[in-house]
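S.K.: sequence below, structure please.
(one chain, ligands or ions: 2)
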Amino acid sequence: MTSSNVRTIGFIGAGNMPQSILGGMVKGGYPTTAIMASNPSRPKLDMLEEKYGIYTSQDNHEIAGKADVIVLSVKPQLMRDVCADLAAHVPDLDEKLIITIAAGLRFERYYEYLGNNITLVRVMPNTPSLVGEGVSGLVADDKATQADRDFVTQVFNYVGLTLWLDNEDAIDVLGAVAGSGPAYFFEFMHGLQRAAEDLGFDAEQARAMVQQTAFGAARMAMESDLSLVDLRKQVTSKGGSTAKGIEVYQNAQLSDISKRAVGAAVTRNQEMAKLF
Ligand SMILES: NC(=O)C1=CN([C@@H]2O[C@H](COP(=O)(O)OP(=O)(O)OC[C@H]3O[C@@H](n4cnc5c(N)ncnc54)[C@H](OP(=O)(O)O)[C@@H]3O)[C@@H](O)[C@H]2O)C=CC1
Ligand SMILES: O=C(O)[C@@H]1CCC=N1
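M.R.: Ligands and ions are numbered 1, 2, ... in the order given. Got it, this is the predicted structure:
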């Protein structure tokens with residue numbers, strides 16, 4: 001990123017997701033002097049100051065006031081109060097670029113809370129951003145300029161893959177697949193780890209083989225032109241052991257379970273849009 005593309009970014013809320021994003025940004029070379037965060041309690045801020053050397057404050061007004069780009073990073077249910085408070089105390093919100101990473105809440109809600117003249121980009125990231133392997137879905141409102149869009153793209157490119165989407169419905173789906181996805185994979189990996197432990201492995205070795213297998217499979221999927229079905233077939237020798245394992249998953253309708261899980265998460269995003 002050239003210095004002309006650096007804008008001061010202030011994260012409002014310093015929980016798991018903004019920590020992953022700003023950690024990835026720092027690792028990617030974004031200047032730490034241009035990153036700030038606010039949070040009501042000190043411990044996370046102390047950790048961020050110590051680990052990344054960024055400026056922090058318990059005062060949202062201070063961080064939002066100093067930042068060119070505000071990243072709203074609080075839980076959806078807190079967004080109304082946090083935005084109302086910023087609208088009342090930060091005079092030049094309309095001059096700034098506002099990014100929100102909250103699930104569910106739609107543009108119209110932010111206009112209601114922050115005024116109709118704000119410039120807003122919704123981003124749906126995921127926690128692997130911390131290691132530069134995130135996925136972020138992005139959708140901008142009509143007021144966002146090409147320069148704003150380029151800036152957001154560059155920031156989130158630091159922490160992984162960026163996908164511009166046409167509308168907010170798509171961001172709900174991306175959130176349910178990629179935003180929530182790390183949790184689904186961790187749940188699945190934990191199940192495999194437990195299976196290995198039940199058959200005599202210690203936790204450390206069981207985890208090591210599961211995570212390396214997941215990593216290797218993901219990397220193969222990324223580097224191969226084959227479909228995921230064909231990659232799966234490559235492992236599944238006729239009459240062999242994998243076929244028996246896969247049969248168990250298919251009999252339990254794993255694909256259908258994934259469809260239901262994603263559907264449930266999309267529905268919750270839609271509910272949150274109405275609730276908060
Ligand atoms: N986690 C994920 O994988 C993803 C999360 N998101 C979105 O990111 C947002 C944040 O989620 P996540 O980081 O996981 O949540 P966390 O619960 O980890 O963090 C929320 C943070 O907000 C802080 N907070 C509470 N009240 C205020 C306030 N008034 N002003 C400023 N900060 C406040 C909390 O501080 P304290 O601890 O002191 O109470 C806490 O540090 C959510 O909207 C979520 O939808 C999007 C994609 C993925
Ligand atoms: O669970 C949530 O609501 C957020 C959005 C995607 C991941 N975590």
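S.K.: what parts of the stretch 101-250 of the chain come near ligand 1?
M.R.: Ile101, Ala102, Ala103, Met124, Pro125, Asn126, Thr127, Gly179 (CB under 6 Å from any ligand atom). C-beta coordinates here come from the backbone N, C-alpha and C atoms, glycine included.
S.K.: show the pLDDT at Lys27.
M.R.: For Lys27, the model assigns a pLDDT of 89.
S.K.: so the closest residue in space to Asp68 that isn't next to it in sequence: helix, strand or coil?
M.R.: Nearest residue to Asp68, sequence neighbours excluded (CB to CB, 6 or more residues apart in numbering): Arg7, at 4.0 Å. Classification of Arg7 using DSSP: H, G, I helix; E, B strand; the rest coil returns coil.
S.K.: so who does Arg7 touch?
M.R.: Residues in contact with Arg7 (CB atoms under 8 Å, 6 or more residues apart in numbering) are Ala34, Asp68, Val69, Leu97, Phe151.
S.K.: quickly note the distance from the third one to ligand 1.
M.R.: Plainly put, Val69 is 16 Å away from ligand 1 if you go by CB to the nearest ligand atom, to the nearest Å.
S.K.: got it, and the last one?
M.R.: In this structure, Phe151 lies at 19 Å from ligand 1, with CB to the nearest ligand atom as the measure.
S.K.: does that residue sit in a helix or strand, and which one?
M.R.: helix 146-157 (DSSP states H and E).
S.K.: please state the offset of that helix from the chain centre?
M.R.: 16 Å (CA atoms, centre = their mean, to the nearest Å).
S.K.: one more: stretch 96-112?
M.R.: 15 Å.
S.K.: what about that stretch, near ligand 2?
M.R.: Yes: interface with ligand 2: stretch 96-112 contributes Ala103 (CB under 6 Å from any ligand atom).
S.K.: try stretch 250-267
M.R.: No: applying CB under 6 Å from any ligand atom, one finds stretch 250-267 separated from ligand 2 by no less than 7.6 Å.
S.K.: quickly check: the helix or strand of the chain at the bottom of the mean pLDDT ranking near ligand 2 or not.
M.R.: Sorting the helices and strands of the chain by mean pLDDT, DSSP states H and E puts helix 16-28 at the bottom, at a mean of 92. No: using CB under 6 Å from any ligand atom, helix 16-28 stays clear of ligand 2, coming no nearer than 7.1 Å.
S.K.: write out the residues of the stretch 101-250 of the chain neighbouring ligand 2.
M.R.: The stretch 101-250 of the chain comes close to ligand 2 at residues Ala103, Gly175, Gly179, Ser180, as judged by CB under 6 Å from any ligand atom.
S.K.: at 5 Å instead, please
M.R.: Selection of the stretch 101-250 of the chain residues close to ligand 2 by CB under 5 Å from any ligand atom yields Ala103, Gly179, Ser180.
S.K.: could you list the low-confidence segments of this structure?
M.R.: Low-confidence segments of the chain (pLDDT under 70): 1-4.
S.K.: which residue does it have closest to ligand 2?
M.R.: Gly179 (3.2 Å; CB to the nearest ligand atom).
S.K.: my read: that residue touches Asn126, true?
M.R.: Yes: with contacts counted by CB atoms under 8 Å, Gly179 reaches Asn126, the gap being 5.2 Å.
S.K.: neighbours around the residue of the chain closest to ligand 2, how many?
M.R.: Gly179: 26 surrounding residues under other CB atoms under 10 Å.
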